[in-house]
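Visitor: Structure for this input, please:
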Amino acid sequence: MIERITKTDAEWRSLLTEEQYLITRRKGTEPPFCGAFYDHKKDGTYYCVCCGLPLFSSDHKFISGTGWPSFFQPIAEDHILYRPDNSYGMRRTEISCARCDAHLGHVFEDGPLPTGKRYCINSVSLRFEPITIKENA
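Guide: Below you'll find the model as predicted:
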């Protein structure tokens, strides 16, 4: 079970940029093809920008052509919360960080094997840490 992090709106505003706040705390969406990670190809781990929970691995990233970073699975199922989202006349599944409830994006059933899922994520919701190779001393 993931231990939850809860902060006041003022606390989140003081910790995040305006864009991070609007997307993660107010369920916004960044425009396609402009986020830092939509065409990102480095090896590493993507973490929640709000609380640092590891969410996605570069090993599970794929090019979806949608303009947002897309993954076929999360690092761990219990790191993601799933909720129905019927806004804008669409039936979708919103995904959020299980630790702090940051809005990440949506998951769709049109991804590649092995899962058939496409986790479509706002770059602003993520922080990336590359894999570092340690040399023997």
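
Visitor: Could you check how many residues crowd around the nearest residue to Asp110 once chain neighbours are set aside?
Guide: Counting by C-beta to C-beta, 6 or more residues apart in numbering, the nearest residue to Asp110 once its immediate chain neighbours are dropped is Arg118, at 5.5 Å. Yep, even glycine has a C-beta here, placed from its N, CA and C like the rest. Residues near Arg118, counting by other C-beta atoms under 10 Å, number 21.

Visitor: next one: Gln73
Guide: Gln73 is flanked by 17 other residues according to other C-beta under 10 Å.

Visitor: cool, and Arg92?
Guide: Per other C-beta under 10 Å, the neighbour tally for Arg92 reads 16.

Visitor: what bridges to it?
Guide: Judged by DSSP bridges, the bridge partners of Arg92 are Asp85.

Visitor: do the same with the one 4 residues further on
Guide: For Ser96, the residues forming beta bridges with it (DSSP bridges) are Leu81, His103.

Visitor: do you know how far it is from Ile75?
Guide: Distance, Ser96 to Ile75, by C-beta to C-beta, to the nearest Å: 15 Å.

Visitor: Same question for Ser57.
Guide: For Ser57, the distance to Ile75 - C-beta to C-beta - is 6 Å.

Visitor: Next, show the common contact partners of the two.
Guide: Thr45 (C-beta atoms under 8 Å, 6 or more residues apart in numbering).

Visitor: What ranges in this protein fall below the confidence cut-off?
Guide: Where the chain drops to pLDDT under 70, the residues are 134-137.

Visitor: make it 80
Guide: The chain contains residues with pLDDT under 80 at 1, 133-137.

Visitor: hey, where'd the helices end up in it?
Guide: Assigned by DSSP state H, the helices in the chain fall at 9-15, 18-24.
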